[in-house]
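Student: The sequence and its predicted three-dimensional model are supplied below.
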Amino acid sequence: MKTIPYLFKNRDTGPSSKILLYHAVCEDRDFPSSAGTNVSPEMFERQLRHVSSRFSVISLDTMLDEKKENDGNAIAITFDDGYEDSYENALPVLKKYGLPVAFFLTVSQIGKDWDFPRGSYPGLSWEQVREIAQDPLIEIGSHGLRHGDLTKLSLREAEAEIRSSRVMLEEKLGRPVQYFSYPYGSFSERIKELVRQSNYRAGFSVISHNPEMYSLRRILISRKDTLFRFIIKLSPLYWPLRRII
Ligand SMILES: [Zn+2]
């Protein structure tokens with residue numbers, strides 16, 4: 001049994017590092033999803049400027065290798081889904097500040113539009129994914145094949161989502177895929193076990209009541225997050241206050 005770093009056993013008031021979760025970086029009017037999981041390019045830059053001046057922004061590898069969480073000052077930045085705006089709007093800002101980032105990609109959506117009730121929205125192309133995968137500051141992880149809720153699929157289907165997405169990404173990109181993020185943050189003990197057995201190094205959710213290596217929690221950043229709210233979300237009070245802010 002691997003030793004699990006302190007972060008992953010922490011309780012709500014303990015010191016911890018943080019893992020941010022972004023989706024789209026675009027203006028509200030341009031994002032057709034009703035989930036509200038977009039941040040405007042201007043707010044994204046303000047948030048990154050704050051983070052890079054106050055925290056140590058590290059890669060997931062560094063967070064897991066070096067247990068940097070113990071100083072409570074470490075942050076990792078992640079994106080789920082893989083929208084084209086990651087390339088157009090997010091990467092230039094990440095590069096400007098020299099920050100590492102992990103993109104969790106929904107493999108069947110690469111090169112396609114996402115369909116939302118209010119319209120469609122472009123996903124990253126394979127060409128873009130191949131290009132960004134060359135960058136040593138960028139980690140590519142899997143967000144499954146089709147963005148299905150894995151807890152609602154048969155175990156066999158869930159396993160295919162978890163394993164095939166990894167194999168496809170590794171074949172196309174020629175680099176290892178070590179991390180998995182659960183679509184909708186949704187997992188069960190059996191799903192976690194499948195991710196572990198599929199040789200992923202860690203699994204990422206959003207809310208996790210018992211965070212450990214295969215159910216790491218992340219702080220979801222959305223269009224509601226003003227800079228003030230964002231700063232509160234990064235404070236140690238966030239997890240206990242999460243329900244009311
Ligand atoms: Zn997702």
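Tutor: Cool, the structure landed. Note that this is a predicted model, so its numbers are computed, not measured. Numbering: from 1, shown residues only.

Student: Quick check: which ranges of the chain have low pLDDT?
Tutor: Low-confidence segments of the chain, defined by pLDDT under 70: 1-16, 67-72, 239, 243-245.

Student: what's the longest strand in it?
Tutor: The longest strand of the chain (DSSP state E) is strand 74-81.

Student: Give me the helices and strands touching it, please.
Tutor: On a contact count with 3 or more C-beta pairs under 8 Å, 6 or more residues apart in numbering; DSSP states H and E, strand 74-81 meets strand 18-22, helix 41-54, strand 56-57, helix 60-66, strand 101-105. Placement of C-beta: from N, CA and C, glycine included.

Student: same for the top helix by length along the chain, what does it pack against?
Tutor: Identified as the longest helix of the chain according to DSSP state H is helix 155-173. When contacts are defined as 3+ C-beta pairs under 8 Å, 6+ apart, helix 155-173 packs onto helix 126-133, strand 138-142, helix 189-197.

Student: okay, the angle between the longest one and strand 138-142?
Tutor: Comparing the axes of helix 189-197 and strand 138-142 via axes from the mean of the first three to the mean of the last three C-alpha atoms, to 10 degrees yields an angle of 130 degrees.

Student: my read: Y200 touches R166, true?
Tutor: Yes. Using C-beta atoms under 8 Å, Y200 is in contact with R166, at 7.1 Å.

Student: Just give me the neighbour total for G36.
Tutor: 15 (other C-beta atoms under 10 Å).

Student: now it: how far from L220?
Tutor: Note on G36: its distance to L220, by C-beta to C-beta, to the nearest Å, is 10 Å.

Student: what residues does the protein put near the ion?
Tutor: Taking C-beta under 5 Å from the ion as the criterion, the neighbours of the ion within the chain are 80-81, 183.

Student: can you tell me which residues contact L60?
Tutor: Each residue near L60 by C-beta atoms under 8 Å, 6 or more residues apart in numbering is listed here: 19, 76, 78, 102, 139, 141, 178-179, 202.

Student: Kindly report the same for Y182.
Tutor: Y182 neighbours (C-beta under 8 Å, 6+ apart): 144, 150, 191, 203-205.

Student: Kindly report the same for S222.
Tutor: Residues near S222 by C-beta under 8 Å, 6+ apart: 35-39.

Student: hmm, 10 Å instead?
Tutor: S222 sits next to 21-24, 35-39, 229 when contact means C-beta atoms under 10 Å, 6 or more residues apart in numbering.

Student: before we move on, which element is it in?
Tutor: Per DSSP states H and E: S222 is located in neither a helix nor a strand.

Student: how close does it get to K233?
Tutor: S222 sits 10 Å away from K233, going by C-beta to C-beta.

Student: likewise G98?
Tutor: For G98, the distance to K233 (C-beta to C-beta) stands at 23 Å.

Student: hmm, back to that, which residues do Y200 and R166 both contact?
Tutor: By C-beta under 10 Å, 6+ apart, Y200 and R166 have these common neighbours: 141-142, 177-180.

Student: will you turn these into JSON lines that also has distance to S56 and neighbour count?
Tutor: JSON lines is the format used below for these (distance: C-beta to C-beta, whole Å; neighbours: other C-beta atoms under 10 Å):
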{"residue": "G141", "distance to S56": "21", "neighbour count": "25"}
{"residue": "S142", "distance to S56": "26", "neighbour count": "27"}
{"residue": "V177", "distance to S56": "25", "neighbour count": "23"}
{"residue": "Q178", "distance to S56": "21", "neighbour count": "18"}
{"residue": "Y179", "distance to S56": "20", "neighbour count": "24"}
{"residue": "F180", "distance to S56": "25", "neighbour count": "28"}
